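**Student:** need coordinates for the following:
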Amino acid sequence: MTDQQPSLSRLTEPHHGTAAILLAGGKGTRLHDLTATESKPAVPFAGRNRIVDFAMANVVRAGLDKLLVATQFAPATLHHHLPARWGRHFASGTMLLRDGRDRYLGTADAVRQNWRQIRDWGVDQVLVLAADHVYDMDYDALIAAHRASGAGVTVAVDVVPLAQASSFGVMHTDDSGRILSFLEKPANPPAIPGEPDRAMVSMGIYVFDAAWLQQALFGPGIEALDFGHEVIPAAVAQGLAMAYRLTEGPSGLPYWRDVGTLDALRQAHMDFVAAQPARLPRLSPASEWYLARGSVMMPGAMVPPSARLTCTIVAPGTRIPHGLVVGEDPQEDARWFRCEGQTVLVNQAMLDRREAMRVPAHLPKCAAGAPRPRHFV
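**Tutor:** Numbers count the residues shown, from 1 in each chain. Coordinates of the predicted model:
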């Protein structure tokens, strides 16, 4: 199977007055073995796509022609992938990759340390983006709403069940959308007025007035390191923070998922390959990266037809043995693999350990002519 370049057209004229900063340094510890040596934005998604490609597709569609990518943990893959996959959409020198290993102390600090480039671009707005979410969004509408409001910052928000909101930054707004309070991962999140079972949460996407952001980052006595903990609360305190509720993206429906856990990552794959509704941008064909029973095969995985995998993520380069059954016996799965919620992660090291402890060396080899395993690219 060949990897197809996405066919993307700009929705608008280029936003010469807006620069985008893509924060792509996340370690993604909750994805465990998948991010042991790889950053979260670089984790494969549906074949040779990577999580970061969703933010990049949205950037290109919006006509944003000035992009700085701030990397940090394990940046090598992104520094190769992004120019190769997306460089043709940017004029020479307008997509810049900055390696911040051992330098960035937080999300706001990453922007501060690259401020000279933002200043040199001479823009009026700065769009700050998370690189590790799977979502479909029209940045043009977000930027237009920010300009119309006159706010110092506009925060993109989505709505989640109240029971899940403690994992996010939660907003409380008035009827105009002005943010009255911003609570980072609160134990008792506030509900949306009139919607007692739902909460409004930050998507980690912000549009700033450039002059206001410069003051917030460099003002006297200011040592802001993080947007969620310091910069956004400062804007809220000044009455200069607005919320922008996610609407339908180019695919026709609103979609945003923080793929920070194995369960969330697998479910996002399932959403991606679902024919109805088409909720995510089709970066390239997806059918080859899904097997029955809700399982996901990552690049380089080899899966024989005799294997039976349920709600399983097979890590890159993993060779599944003939007849392996995963996802049907929780106790057996937990002996050998990493289990989280409804998802089981299997990688080659886990299988090697299982084989060393369970498989006698004298067992006969598979019979000649047995079906060959499927090799996922």
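
**Student:** and the helices in the chain?
**Tutor:** Counting by DSSP state H, the segments of the chain that form helices are 52-61, 76-86, 107-113, 115-121, 139-149, 210-218, 232-237, 262-273, 330-336, 348-358.

**Student:** same for the fifth one, what does it pack against?
**Tutor:** Yep, that's helix 139-149 we're talking about. Here helix 139-149 is seen to pack against helix 52-61, strand 125-130, strand 153-161, strand 198-209, strand 241-245 when contacts are counted using 3 or more Cβ pairs under 8 Å, 6 or more residues apart in numbering; DSSP states H and E. Heads up, the C-betas are built off the backbone N, CA and C, glycines and all.

**Student:** do that again at 7 Å, thanks
**Tutor:** In terms of contacts (3 or more Cβ pairs under 7 Å, 6 or more residues apart in numbering; DSSP states H and E), helix 139-149 is packed against strand 125-130, strand 153-161, strand 198-209, strand 241-245.

**Student:** before we move on, the earlier item: among the helices of the chain, which is nearest G169?
**Tutor:** The stretch from those with the least distance to G169 (Cβ to Cβ) is helix 232-237; that distance is 7.5 Å.

**Student:** what mean pLDDT does that closest one get?
**Tutor:** Averaging pLDDT along helix 232-237 yields 94.

**Student:** list the buried residues for stretch 314-324?
**Tutor:** Taking 16 or more other Cβ atoms under 10 Å as the basis for neighbour counts, the residues of stretch 314-324 that come out buried are 314-316, 318, 320-321, 324.

**Student:** and these as JSON lines, adding distance to R88 and pLDDT?
**Tutor:** Compiled in JSON lines, these are given as follows (distance: Cβ to Cβ, whole Å; pLDDT from 0 to 100):
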{"residue": "V314", "distance to R88": "32", "pLDDT": "95"}
{"residue": "A315", "distance to R88": "30", "pLDDT": "95"}
{"residue": "P316", "distance to R88": "26", "pLDDT": "93"}
{"residue": "T318", "distance to R88": "32", "pLDDT": "95"}
{"residue": "I320", "distance to R88": "36", "pLDDT": "95"}
{"residue": "P321", "distance to R88": "41", "pLDDT": "95"}
{"residue": "L324", "distance to R88": "41", "pLDDT": "95"}
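
**Student:** from those residues, pick the one nearest A211.
**Tutor:** For those, the minimum distance to A211 (Cβ to Cβ) is 44.5 Å, reached by P316.

**Student:** that closest one reaches V296, doesn't it?
**Tutor:** No: contact status for P316 versus V296: not in contact, 11.1 Å apart, counting by Cβ atoms under 7 Å.
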